[in-house]
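*Asks:* What shape does this take:
(one chain, ligands or ions: 1)
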Amino acid sequence: MIGLEVKQRIEGFYQDINQRNALYLNARHGALTPRSVRHYLYNVRFLVQHTPVLLKLAQERAAAQEMIALAAYYEQKRYDEFGHDKWAEDGLDLLAPDSWRDDDDLAIAPELRHLLDFLRATISEAPVAYLAYIMLAEHLTVIGAPNLVRDLEQQCRIPATMMTVLTNHVELDKAHVDSGIAEMNALVDPDSEALIRRTLTQSMGFLERFLHAVGSVT
Ligand SMILES: [Fe+2]
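*Replies:* Okay, the predicted model is just below:
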């Protein structure tokens, strides 16, 4: 079953990048500073702001190809995901009250723009492929974020209250991943399974490079 296979590959991916990605390593070694976390949250906010935009594109592309169930899935998800960027803003407000919005030091990582460009192109070509990225983003959050938040708090002295964009998503996405396996099995026909596997591999590369870039800022 493709859903379970994707979930298990994401678990292997996390085991792998947890050993070598700058974000996880620097958090574990106490090397992330308030400035690093400001950059991280600023970029995550930008990423999360794009979720409803990408879901709308996916819904439109699915509808145009008369994939009714897929279009309905993306539409529902767009409502579920709306406003989650506010959690990243709450963290930034706690970390740098009043100042982060005009902070010239903050910038969107080129690796994040590459990830978003990749997702837009993928969705435009084959909207079903976006399911692979959605499960990657959600399941990686569920399995990776609790350790990251713990390391930020214990090793880097960044309170978990600043990281609600992660902790709130852990709670929500646990349920999303469980239902997402069945939904992926229902929405992906056998002819599209190879596309899902390929998109998952590519998404892992883009996401890994983004996390490494934001985790390298000190
Ligand atoms: Fe979300």
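*Asks:* so where does the closest residue in space to residue 26 that isn't next to it in sequence fall, helix or strand?
*Replies:* Sequence neighbours aside, residue 32 is the residue nearest to residue 26 in space, at 5.0 Å (criterion: CB to CB, 6 or more residues apart in numbering). Quick note: C-beta positions are derived from backbone N, CA and C, even for glycine. According to DSSP states H and E, residue 32 maps onto no helix or strand at all.
*Asks:* mind listing what whichever residue of the chain sits closest to the ion touches?
*Replies:* Relative to the ion, the nearest point of the chain is residue 84 (3.6 Å; CB to the ion). By CB atoms under 8 Å, 6 or more residues apart in numbering, the residues touching residue 84 are 48, 51, 165, 168, 169.
*Asks:* list the contacts for the last one?
*Replies:* The contact partners of residue 169, by CB under 8 Å, 6+ apart, come to 84, 87, 138, 141, 145.
*Asks:* Can you flag which of these belong to helices?
*Replies:* Residues of those located in helices (DSSP state H): 87, 138, 141, 145.
*Asks:* can you pull the contacts of the residue nearest to the last one when sequence neighbours are not counted?
*Replies:* Setting aside the residues directly before and after it, residue 145 is nearest to residue 166 in space (CB to CB, 6+ apart), at 4.2 Å. Applying CB under 8 Å, 6+ apart to residue 166 gives the contacts 141, 145, 148, 149.
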